[in-house]
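Colleague: This is the structure alone, sequence omitted:
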Ligand SMILES: C[S@@+](CC[C@H](N)C(=O)[O-])C[C@H]1O[C@@H](n2cnc3c(N)ncnc32)[C@H](O)[C@@H]1O
């Protein structure tokens, strides 16, 4: 018999909410009575466990696309895992103003770390900066030495949950850290030791411990503040962050955060959810900052797993699986990883140099050592050789993208890549996505040759087509897709203007139809960004509005509206 108690009267409760299974009732009447309050908390999923996935989320009812599955505040948020010499402000986690000279930089009056302003309300927030400020004050020399390691601050904030919120600390401790792969002797252990553990313990925790307990001082605990700051606890915290933290791109700084429920989502390279975050600047209230809203990206049937993507959707299968194994500790076996053609996109395909006609694809994408084979002539190529080719081209792509060679140089890179790779290989797509913006961007639209204009349009269509194969609901690639849609509209409008300028070309009906097609492109771009809250998304929405206005003005002036 169930030992649950009725949430209304406390009597033994044989009934459970069938949707979330998280509340119990003695009888139907009490369930009905509770629905008014429960309906906002009732989530359409439950936590299940399996040997392969550990804990994961399963839908408890059918959910239509775009439904809100969950919204919650982070347990903890802070600067992301890399050195960031310019901030963010430790109060609000917003970028520091870029136009302020280093010696005029505002700072936190307590610890002297840079801040957007000495009055930033977040600096006085007990749940974020205030506790850490006390620790940072014990090591003011790091400010004098300009040794500000922002990437050690999120682990410190996690450590301080012991004091600031024991309940959150318990939730964090229940998270997986993949410690089996992070033991002494591993590279990640050494890096964590230098980057976080020694930095925090020697600069801050040891001096603070001396202040608090004098001769009995040890950096393993700080009297009255932190029970456990041992090396092993700090290593585990960094492991928890690597495995579970979500990345938030917020303006110019990148932030990571841990969420109490969202972290339970499993990974899939074809995820069925999307998420967005409240913009940090929009609220001073701690709980409203960086709230996550998780939505269904597709219809989800009762019993289906709820998934997100832990890695980059525009990486090929080998690169995604390598990253997932190294950082998250599992070999992905999702339907995209198992498909040699990656959902028809051919994102990892090489050209077959033996027959010159086919594509080289992995014979078993779930086995890193399996040969690759041509889909036309069957010729094999060792996986090792594929890795060599792809990583040497990776370097060339990096150099080409950083170089200032402009469109001609990038066209040269594409031509070289396409000798060895399928035109939709992710290296080619990356360069093409830049190129389609260079035409009509750095290279002014009105100066493009007819051929360049056509190239802009065809690149936009080509890249968009692959994005939609990989991510039909645009759950992750919405910004990339919106760029393609916008640039296609801009190219089409320029072509239309040129055709109008040439006497006798095109009828009014054709022009109207072309304008309708362009409106549809911009509508699709706007729709793709409907849940975007990041600054990049907002800038893109503005660019789409500007393009829309320009088009409508042109249509009115030319009397074809
Ligand atoms: C963010 S946690 C998710 C919650 C975790 N399952 C737990 O019980 O704490 C990520 C970990 O879940 C497991 N996991 C997630 N997605 C997986 C997948 N597609 N295949 C295998 N393991 C997966 C891996 O152990 C991974 O390191």
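Modeller: Looks like it arrived, so ask away. These numbers come from a predicted model, not from an experiment. Numbering: from 1, shown residues only.
Colleague: Reduced to three states, what does residue 206 come out as?
Modeller: Secondary structure, DSSP: H, G, I helix; E, B strand; the rest coil: residue 206 is helix.
Colleague: Any stretches of the chain with poor pLDDT?
Modeller: Counting by pLDDT under 70, the chain contains low-confidence residues at 1-2, 81-86, 215, 250-253, 280-287, 503-506.
Colleague: Might you enumerate the residues of it proximal to the ligand?
Modeller: 52-56, 175-176, 178, 243-244, 263-264, 266-267, 328-330, 332 (Cβ under 6 Å from any ligand atom). Quick note: C-beta positions are derived from backbone N, CA and C, even for glycine.
Colleague: Can you say which of those residues are buried?
Modeller: The neighbour count (16 or more other Cβ atoms under 10 Å) marks 56, 175, 178, 243-244, 263-264, 266-267, 328-330, 332 as buried among these.
Colleague: What is the neighbour count of residue 457?
Modeller: By other Cβ atoms under 10 Å, 20 other residues sit near residue 457.
Colleague: In a strand, it, correct?
Modeller: No - with three-state DSSP as the criterion, residue 457 is helix rather than part of a strand.
Colleague: Excluding sequence neighbours, find me the nearest residue to the residue most central in space within the chain.
Modeller: Here the mean C-alpha position of the chain is nearest to the C-alpha of residue 247 (Cα atoms, centre = their mean), at a distance of 5.2 Å. Among residues not flanking residue 247 along the chain, residue 256 sits closest, at 5.7 Å (Cβ to Cβ, 6 or more residues apart in numbering).
Colleague: how about the host helix or strand of that neighbour: buried residues?
Modeller: Element membership of residue 256 [criterion: DSSP states H and E] is strand 253-258. Using 16+ other Cβ under 10 Å as the test for burial, strand 253-258 gives 253-258.
Colleague: list the helices and strands that strand packs on?
Modeller: In terms of contacts (3 or more Cβ pairs under 8 Å, 6 or more residues apart in numbering; DSSP states H and E), strand 253-258 is packed against strand 76-79, helix 231-244, strand 246-250.
Colleague: Can you tell me which of those is most buried?
Modeller: Each of the helices and strands packed on strand 253-258 was assessed for mean neighbour count using mean count of other Cβ atoms under 10 Å. The highest is strand 76-79, with a mean of 26.
Colleague: and stretch 128-142, how far out from the chain's middle?
Modeller: Relative to the chain's own centre, stretch 128-142 is displaced by 29 Å; criterion: Cα atoms, centre = their mean, to the nearest Å.
Colleague: Equivalent analysis for stretch 412-431, please.
Modeller: With Cα atoms, centre = their mean, you get 25 Å for stretch 412-431.
Colleague: Stretch 216-235 too?
Modeller: The chain centroid and the centroid of stretch 216-235 are separated by 33 Å, computed with Cα atoms, centre = their mean.
Colleague: So what would you say the end-to-end distance of that stretch is?
Modeller: End-to-end distance of stretch 216-235 (Cα to Cα, to the nearest Å): 24 Å.
Colleague: Look up the closest residue to residue 455, ignoring the ones flanking it.
Modeller: In space, residue 455 is closest to residue 439, 6.5 Å off (Cβ to Cβ, 6+ apart).
Colleague: Dihedrals phi and psi, that neighbour?
Modeller: In terms of degrees, to the nearest 10, the main-chain angles of residue 439 are phi -70, psi 110.
Colleague: quick one on the thing from earlier: from the buried ones among the residues of the chain next to the ligand, which two are the most distant?
Modeller: Across these, the longest distance by Cβ to Cβ is 19.7 Å; it joins 175 and 332.
Colleague: sorry, back to before: which one among the buried ones among the residues of the chain next to the ligand gets closest to residue 43?
Modeller: residue 264 (11.2 Å).
Colleague: Name the helix or strand for residue 525, please.
Modeller: helix 508-528.
Colleague: From start to finish, how long is stretch 91-111 in a straight line?
Modeller: Using Cα to Cα, one end of stretch 91-111 lies 12 Å from the other.
Colleague: Kindly apply the preceding question to stretch 277-289 instead.
Modeller: End to end - Cα to Cα - stretch 277-289 spans 8 Å.
Colleague: One more: stretch 522-536?
Modeller: This stretch, stretch 522-536, spans 17 Å end to end (Cα to Cα).
Colleague: which parts of that stretch are buried?
Modeller: By neighbour count on 16+ other Cβ under 10 Å, the buried set for stretch 522-536 is 522, 524-526, 528-529, 532-534.
Colleague: cool, and stretch 310-326?
Modeller: For stretch 310-326, a neighbour-count test (16+ other Cβ under 10 Å) marks 310-311, 313-322, 324 as buried.
Colleague: for the residue of the stretch 351-500 of the chain found nearest the ligand, what are its contacts?
Modeller: Per Cβ to the nearest ligand atom, residue 366 is where the stretch 351-500 of the chain lies closest to the ligand, at 11.9 Å. Residue 366 makes contact with 331, 333, 337-338 under the criterion Cβ atoms under 8 Å, 6 or more residues apart in numbering.
Colleague: Narrow those to those in helices?
Modeller: Applying DSSP state H to these, the entries found in helices are 337-338.
Colleague: Nearest to residue 557 among the contacts of residue 366?
Modeller: Of the contacts of residue 366, the one sitting nearest to residue 557 (Cβ to Cβ) turns out to be residue 337, at 52.1 Å.
Colleague: which residue sits closest to the closest one, ignoring its sequence neighbours?
Modeller: residue 317 (5.3 Å).
Colleague: for residue 203, same thing?
Modeller: Spatial nearest neighbour of residue 203, chain neighbours left out: residue 139 (3.9 Å); criterion: Cβ to Cβ, 6+ apart.
Colleague: so the one you found makes contact with residue 201?
Modeller: No - Residue 139 is beyond contact range of residue 201, at 10.3 Å (criterion: Cβ atoms under 8 Å).
Colleague: Name the SS class of residue 58, please.
Modeller: Residue 58, by the three-state scheme (three-state DSSP), is strand.
Colleague: Does it touch residue 304 like I think?
Modeller: Yes - counting by Cβ under 8 Å, residue 58 does reach residue 304; the two are 7.2 Å apart.
Colleague: what residues do those two have in common as contacts?
Modeller: In contact with both residue 58 and residue 304: no residue, using Cβ under 8 Å, 6+ apart.
Colleague: can you pull out the helices in the stretch 351-500 of the chain?
Modeller: Under the criterion DSSP state H, counting those that start in this stretch, helices of the stretch 351-500 of the chain are mapped to 383-402, 406-420, 426-438, 450-470, 478-501.
Colleague: so which of those helices gets nearest residue 76?
Modeller: Among those, helix 478-501 sits nearest to residue 76 (Cβ to Cβ), with 26.7 Å.
Colleague: From the contact counts, what lies against the closest one?
Modeller: helix 426-438, helix 450-470, helix 508-528, helix 535-557.
Colleague: quick one: contacts for residue 335?
Modeller: Contact analysis of residue 335 by Cβ under 8 Å, 6+ apart lists 270, 343.
Colleague: ok, so what distance separates it from residue 375?
Modeller: Relative to residue 375, residue 335 is positioned 19 Å away (criterion: Cβ to Cβ, to the nearest Å).
Colleague: Let me see the contact set for residue 26.
Modeller: 6, 8-9, 11-15.
Colleague: Dump the helices of the stretch 351-500 of the chain to JSON lines, plus distance to residue 229.
Modeller: Formatted as JSON lines, the helices of the stretch 351-500 of the chain follow (distance: least, Cβ to Cβ, whole Å):
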{"stretch": "helix 383-402", "distance to residue 229": "39"}
{"stretch": "helix 406-420", "distance to residue 229": "49"}
{"stretch": "helix 426-438", "distance to residue 229": "42"}
{"stretch": "helix 450-470", "distance to residue 229": "44"}
{"stretch": "helix 478-501", "distance to residue 229": "40"}
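Colleague: mind checking which of these is nearest residue 295?
Modeller: Nearest to residue 295, of these and by Cβ to Cβ, is helix 478-501 at 12.2 Å.
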